[in-house]
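K.L.:
just the structure for this:
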Amino acid sequence: MIDLALVLVEPAGPLNVGSVARLCANFSGPALRLGLRLVSPRCDHLGSEALQMAVHGRPLLEAAQLYGDLAAAVADCPVVVATSGRGEGEPLPPLPLAGALGWLVQHCTARVGSAAGQRAALVFGREDRGLSSDELLQAGALLQIATGPGYRSLNLSHAVALVLHHLHQLLAIDQPVASDAPLLARRDAVEAMLADAEALLLDIGFLYPHTAGARMARLRGLLQRAGLTPEDTALLRGMVRQSRWAAGRGGQTS
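P.N.:
Numbers count the residues shown, from 1 in each chain. Next up is the predicted model:
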């Protein structure tokens, strides 16, 4: 069983939101448990239009969890795949459907008995402009749906349907078995470590406030490509905290 949170970032169309809830009902089953998470929705997700489109997905729509930002929405998810249509200037090279979803399944089934701890998130961006660079840095893999070159933008609910159908087929054809993929650290643990690292680097003058965001984005991308485990994250955070303590102690006068 893969526990998958489907995350919509600032959805503006109630018809899209209702349709996505219906899709969650369509593709939930013994191998895949789907839940809906909404980040700062720009529409009434429980309005008449959304409820009309949800049909049998209405319970999922009514149970949708609301978050103020993407970081909060994926905090408990070690495995995060974000969709992107840009293809260049991104922190990770986008993967086709099969590659990105194969990565998700592999990490969700890492090691015997650990699948329940590897909750996954599948993130879709805004209808008009997708996900920002900072939001893409929350993901361990980027997914890109192949389209014709003339018009690459897909309707949100259509994109969700394509991805969930492919994942459903993947799980139906190849029943997931325990893989040798490493267990990944939860996003909230990684973010806490990065916050400590940024504070240290500012304290010692390696970072400056006006350039810290860009340089931390590069570090975040590097660590995402590395695929941090819980042990990696704990080690790095311990090193940062001890370094910060030692730097502060060295600055004291006797």
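K.L.:
per-residue confidence averaged over the helix or strand harbouring Asn16?
P.N.:
In this assignment (DSSP states H and E), Asn16 forms part of helix 14-27. For helix 14-27, mean pLDDT rounds to 96.
K.L.:
next SSE after it?
P.N.:
The element immediately downstream of helix 14-27 (helix or strand, assigned by DSSP H and E) is strand 32-39.
K.L.:
now that next one and helix 14-27, what's the angle there?
P.N.:
If you take axes from the mean of the first three to the mean of the last three C-alpha atoms, to 10 degrees, strand 32-39 sits at 160 degrees to helix 14-27.
K.L.:
quick one, helices of this protein?
P.N.:
With DSSP state H, the ranges of helices along the chain come out as 14-27, 48-54, 58-62, 70-73, 97-108, 133-136, 156-173, 187-203, 212-226, 230-250.
K.L.:
distance to Leu34 added to these, as CSV?
P.N.:
Every C-beta, even on glycine, is put in place using the N, C-alpha and C of the backbone. Compiled in CSV, the helices of the chain are given as follows (distance: least, C-beta to C-beta, whole Å):
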stretch, distance to Leu34
helix 14-27, 4
helix 48-54, 13
helix 58-62, 7
helix 70-73, 15
helix 97-108, 13
helix 133-136, 21
helix 156-173, 8
helix 187-203, 19
helix 212-226, 24
helix 230-250, 25
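K.L.:
ranking the ones you listed by burial, who's on top?
P.N.:
Of all the helices of the chain, helix 14-27 has the most neighbours on average by mean count of other C-beta atoms under 10 Å, namely a mean of 23.
K.L.:
show me the shaky parts of the stretch 151-254 of the chain.
P.N.:
Scanning the stretch 151-254 of the chain with the threshold set as pLDDT under 70 gives 174-178, 249-254.
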